[in-house]
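Colleague: I'll drop the sequence and a predicted model, then ask my questions.
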Amino acid sequence: MKDTPMFSRHALCGLAVLAAALVAHAQTAGGKAADSTVRTRLTLRSQVDFGHLVSGNNPDYTNNAGQTSAEVTMLPLNRVGFVAIQDVAQGRFDVSAGIAALLWTPYGSGVETDERVMQARASIPVARVRWQFGEPSGLAGSLMVGTFPYKYNPDAKNLGEYLYRSGTYPGFLMTTEGWLLMNRASNYSHGAMLTLTQLNGALRHNFSLFMETVYFPIGDFSPGYDVSYTSKWFEVGGGAMFHHYLPLKPSALTPKTDENTYVRQTNAAGDTVIYEGPNVSGIDPNDPNVEVLHRWTHKGIKVMGRAALNLNHLLPPDRRNPEDLRLFTEVAVLGWEDQPFYYEKRSERMPIMFGVNVPTLKLLDVLSVQGEYYTSPFNNYDKYNSASLPIWDAEFPTVPPPVDAEGRAVPTTDHDDDWKWSIYGRKTLNKLLSVHAQAASDHFRLMRGPRSLKPSYEPLTSTPREWYYLVRLDFALR
Amino acid sequence: MSVRFSPSVLTGACLALATGAAFAAPSGSDSLRWNDFRPRVSTDFGHIVEGQYGAAKVTAYPLNRNMVILEQTARYDELWEFTAGFKGILWWPFTPGGSEPHQRTMRVDPRLSQAVARRLLGDGGEGSSESFVEAGYLSYKYNPDARNLGEYLHRSETYPGIVRTTDGFHLMNHAAYDALGVHARLSQAGGLVVHDATLFSEPRTKYTGDLTPGYQVSLNLPLVQLGAGAAFNRLISNAPSRRQPKVPKNAYYEMDSAGVTVYEGPYLTAPDARKAKLTAGGDSVQVRYYHQDGVKLMARAAVDLGFLIPESSRNPGDLRVFAEAALLGVADQPGFYDDKSERLPVMVGVNIPTFRMLDVLSLQAEHYGARYVNTKDFNELGLPVWNPNGAKGEPDDDWKWSVFAQRSLNRLIRVQVQVAKDHLRLPIFDYNISESALTEKRGDWYYLVRLECGL
């Protein structure tokens, strides 16, 4: 791949933002006289989470002082959050600015005091400007720029929402980034989003241009698109995300380290394959009997489809809440293209979520039951998170790895964690107070720190029998 | 120049005097008025297009920040003004390659935007706000023309003469000094002559807490504005000896052998083979140590030629021609600081008229002839010396430039653009700032686009 700076593309991004703002200005200039009133709204919200990891598994326990077994039981899960969001609007422009603080406890039983006592963390939950245009009866929409949460699947209360909050190569899944542990099934996005709606809002197109903010190479842009159609009885949607398709440095997408190299080694005569697989044992790629067959890339395409059947209307009006009796599903392919060894079967990169909102006869606002099947043979993404390589951290019984009859490396695979489940309920008590509860065996990760912040490289709830629960008290002043 | 006894007492006395004077002034009506709550958001997007990080080339490196400011002001008794605000800065540690998550992942730092109490001097009527005493955490700016380069008096160092255009977090439109301390302004003849006296505490470099008194005077005529000032860097220190660390790296050596000088210069520039002999001492070695405290001088001027443009086609500030120069340390010290011209940054600029297409379009250039650029030993150890690594190679490196433009779209939204080769430094994961500017060499530059929204 040619290693030329992609400055021109990114200059275009900057110019696009500028152009959009100028266009917006032109649009509002006409309407200024009609509505120059500035409207403001302050929202203050506090959340108290209480719960336990009832049963879990921590394969990294040997690195943690104080923990002598991989088994984790009755680990307290507590968080306290405070959020202040100020909204300001004038005409078709509105600005949303928020600051949040979170009390959290690092995971990992660190030796030093600060690695095990409660910590406070600041965050910016939202910082964006939006311009709305058009009329709902025809073509309408909005353009958002800044930092904001983005969610396309209203049924994904915990599992699902794959398009933006999962990896591509490797295709790891997230249900929490380790800070906020529930009610967080959205993507924390940094960039721009154009939304267009038609048919009174029934048909919705979302064009996104989000920047990579967490994983290497940071600063790359990934264009995305999703569409949805909503009717009285059903909702369908689909989308694609072109991960790292606007890179700053194309060469950074394909690291040239040994570990990221797929090699074939033959005997001196060259007629027998001795080893074919990832170069995890330091094989010299310049050896005349060694052929570099592939280097894995970060770049890839994710696609997503979803559907929901809304049977809510079958319930008596006085016995139903708006989200009751919805049957829904979402499926994604995390990396359309195959790559050798780690990514050879598309079916192993296809998480499938399904669920139902169980009617509770208005006892709860919503009671969502979800299941997920994801048959990835690997689940450790530390090589991606810590070494910035687009590969799983596969385990091998020995180094050099054992090989099959054709000389191909044979890794240790893990399918005990293919199934996940989640139950989520919410009850609004009054205008100020609501209660949330969640019990799940999902992709639960906790954050270590605070010096070297790092989420667990594998979910702590691996098999369906490992699970946690959380209860949240949510106060909101608007 | 230094104060070597009772600095704490002196400081306390100053604060007590200022506070007492403020309270002794006659008060107006007993009323509290809350002004509008001011939320602001800014999103910065840009890249270092070409740059340097030590010997390594930096290309197309992303520069992104997001900032939220929530600020409240209030007025009490017609004579007191209070401003307090929170700020959250979303930023990324500088890391050119792949690394551990905590070294690269975005972070949010909570900050104060301001926390200031201001006592107006006068009767609280019209014009009272021009003279005041204020104390707290405040953004202090004396040169309105310094959009990026310039504003040397407080935000630059003395020994070594570090010139700053960013603290690494605020990447544009922040040519001000985030000060902790006291500021008094006396305005005479309707603002024709303005005196500013300051007493600021060192907020971030070693040793924090040292106090720097300063004074400025400005003359504001309709067409010409002149200003001058002095800052007595770290004049008041709770531990004066710390300003002159007696360690080899901070030493200047003279070594004789049989009456012949075999080495004379800073320890850091000595050949490795010589260093052990220097530190071994003996009668043939004379040692002197560099000191941090020093006097900075500044002068500035601006000529407002806006009147040459039809009033209907100009914005305030259009066609201003301006300059600022500073001497970063009056006293010479041998080795690193024996030539005043190498401690003399000079900024010149002009606000180009755009016939109201933009609010402002500022072009600036700077010449600074310092021989060295690397401040590793100052950053990490607080030693008042340059690090010889990365000495300037070409005269072109002495020049910096900057273009800044702003356009207000409506009452809520502004777009700002900055393209520059300036003193851009970025913090890494442990908050250590770059040892030298990332756009130091010829051909280096970056750009930033900011969308700023708020009341």
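Modeller: Structure's in. What do you need? The structure presented is a predicted model; accordingly, all values stated were derived computationally and were not measured.

Colleague: Make sure B:Gln103 is indeed in a helix.
Modeller: Yes: counting by DSSP: H, G, I helix; E, B strand; the rest coil, B:Gln103 falls inside a helix.

Colleague: In a strand, A:Ser137, correct?
Modeller: No: with three-state DSSP as the criterion, A:Ser137 is assigned coil and is not in a strand.

Colleague: contacting residues for it?
Modeller: Applying CB atoms under 8 Å, 6 or more residues apart in numbering or on different chains, we find A:Ser137 in contact with A:Asn200. Heads up, the C-betas are built off the backbone N, CA and C, glycines and all.

Colleague: residue closest to the middle of the chain?
Modeller: You didn't pick a chain, so chain A it is. A:Arg165 (1.6 Å; CA atoms, centre = their mean).

Colleague: that answer is for a different chain, and I need it for chain B
Modeller: Central residue of chain B (CA atoms, centre = their mean): B:Arg155, at 1.9 Å.

Colleague: Tell me how far it lies from chain A.
Modeller: Counting by CB to the nearest CB, to the nearest Å, the separation of B:Arg155 from chain A is 25 Å.

Colleague: On the three-state scheme, A:Leu163 is what?
Modeller: A:Leu163 carries the three-state label helix when classified by three-state DSSP.

Colleague: Identify the residue nearest it in space, chain neighbours excluded?
Modeller: Take A:Leu163 and drop its neighbours on the chain: the residue closest to it by CB to CB, 6 or more residues apart in numbering or on different chains is A:Met304, 4.3 Å away.

Colleague: now the stretch 251-400 of chain B, which segments are flagged as low pLDDT?
Modeller: B:393, B:395 (pLDDT under 70).

Colleague: Nearest to chain A within it, name that residue for me.
Modeller: Closest to chain A within the stretch 251-400 of chain B is B:Met357: 10.8 Å, counting by CB to the nearest CB.

Colleague: Please name the residues that touch the closest residue to that residue other than its chain neighbours.
Modeller: Excluding its sequence neighbours, the residue lying closest to B:Met357 (CB to CB, 6+ apart) is B:Arg407, at 7.6 Å. With contact taken as CB under 8 Å, 6+ apart, B:Arg407 is in contact with B:357-359, B:414-416.

Colleague: Quick one: buried ones out of those residues?
Modeller: By neighbour count, with 16 or more other CB atoms under 10 Å in any protein chain shown, the contacts of B:Arg407 hold B:358-359, B:414-416 as buried.

Colleague: Can I get those in TSV including secondary structure?
Modeller: Compiled in TSV, the buried ones among the contacts of B:Arg407 are given as follows (three-state DSSP):
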residue	secondary structure
B:Leu358	coil
B:Asp359	coil
B:Arg414	strand
B:Val415	strand
B:Gln416	strand
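
Colleague: Next one, pLDDT for the residue nearest to the centre of chain B please.
Modeller: Note on B:Arg155: pLDDT of 94.

Colleague: and B:Ile162, how many neighbours?
Modeller: Using other CB atoms under 10 Å in any protein chain shown, B:Ile162 is surrounded by 22 other residues.

Colleague: how near is it to B:Asp377?
Modeller: The gap separating B:Ile162 from B:Asp377 is 12 Å, by CB to CB, to the nearest Å.

Colleague: Quick check: which helices or strands does the helix or strand containing the residue nearest to A:Leu163 pack against?
Modeller: A:Met304 belongs to strand A:300-310 when assigned by DSSP states H and E. Other helices and strands packing on strand A:300-310, by 3 or more CB pairs under 8 Å, 6 or more residues apart in numbering or on different chains; DSSP states H and E, are helix A:162-165, strand A:234-243, strand A:326-334.

Colleague: Now do the phi/psi pair for residue 205.
Modeller: Because you didn't say which chain, this covers chain A. When read as degrees, to the nearest 10, the backbone of A:His205 gives phi -110, psi 130.

Colleague: actually chain B
Modeller: phi -100, psi 160.

Colleague: and what of B:Asp272?
Modeller: Torsion angles, degrees, to the nearest 10, at B:Asp272: phi -60, psi -40.

Colleague: Is it possible to get TSV of the contacts of B:Arg407 that adds distance to B:Phe322?
Modeller: Below are the contacts of B:Arg407 laid out as TSV (distance: CB to CB, whole Å):
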residue	distance to B:Phe322
B:Met357	21
B:Leu358	17
B:Asp359	17
B:Arg414	22
B:Val415	24
B:Gln416	19
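
Colleague: is the residue nearest to A:Gly141 when sequence neighbours are not counted in a bridge, and if so with what?
Modeller: Distance criterion CB to CB, 6+ apart; nearest residue to A:Gly141, sequence neighbours excluded, is A:Leu196 at 4.1 Å. A:Leu196 has these beta-bridge partners by DSSP bridges: A:Gly141, A:His205.

Colleague: quick one: contacts for the residue nearest to the centre of chain B?
Modeller: B:Arg155 neighbours (CB under 8 Å, 6+ apart): B:164, B:175-177.

Colleague: Distance check, it against B:Asp145.
Modeller: In terms of CB to CB, B:Arg155 sits 15 Å off from B:Asp145.

Colleague: Likewise for B:Ala365?
Modeller: 13 Å.

Colleague: And for B:Ile413?
Modeller: 24 Å.

Colleague: same question, B:Met298
Modeller: B:Met298 is 13 Å from B:Asp145, by CB to CB.

Colleague: likewise B:Leu226?
Modeller: 12 Å.

Colleague: Reduced to three states, what does the residue of the stretch 201-350 of chain A found nearest chain B come out as?
Modeller: Using CB to the nearest CB, the closest approach of the stretch 201-350 of chain A to chain B is made by A:Gly219 at 2.9 Å. Three-state call for A:Gly219 (three-state DSSP): coil.

Colleague: tally of neighbours for the closest residue in space to B:Leu223 that isn't next to it in sequence?
Modeller: Excluding its sequence neighbours, the residue lying closest to B:Leu223 (CB to CB, 6+ apart) is B:Asp304, at 5.3 Å. By the criterion of other CB under 10 Å, B:Asp304 has 20 neighbours.

Colleague: List the contacts of B:Asp304.
Modeller: So B:Asp304 contacts B:222-225, B:319-320 (CB under 8 Å, 6+ apart).

Colleague: Just the ones of those residues in helices?
Modeller: Among these, none falls in helices (DSSP state H).

Colleague: Show me which of the residues you listed is closest to B:Gly88.
Modeller: Nearest to B:Gly88 among the contacts of B:Asp304, counting by CB to CB, is B:Arg320 at 34.0 Å.

Colleague: circling back to that earlier point, give me the common contacts of B:Met298 and B:Asp145.
Modeller: Joint contacts of B:Met298 and B:Asp145 (CB under 8 Å, 6+ apart) are B:Glu324.

Colleague: isn't the residue nearest to A:Gly141 right up against A:His205?
Modeller: Yes: using CB atoms under 8 Å, A:Leu196 makes contact with A:His205 at a distance of 4.6 Å.

Colleague: Which residue of chain A lies farthest from its centroid?
Modeller: Distance-from-mean max, chain A, by CA atoms, centre = their mean: A:Ala269 at 48.4 Å.

Colleague: Distance of it relative to A:Pro288?
Modeller: Counting by CB to CB - A:Ala269 and A:Pro288 are separated by 12 Å.

Colleague: Count the residues that sit near A:Phe133.
Modeller: Counted with other CB under 10 Å, A:Phe133 comes out at 16.

Colleague: How about the secondary structure of it?
Modeller: Classified using three-state DSSP, A:Phe133 is strand.

Colleague: Can you name the residues bridging to it?
Modeller: Here A:Phe133, judged by DSSP bridges, has bridge partners A:Gly141.

Colleague: wait, isn't B:Gly443 in contact with B:Ile48?
Modeller: No: between B:Gly443 and B:Ile48 there is no contact under CB under 8 Å: 12.0 Å.
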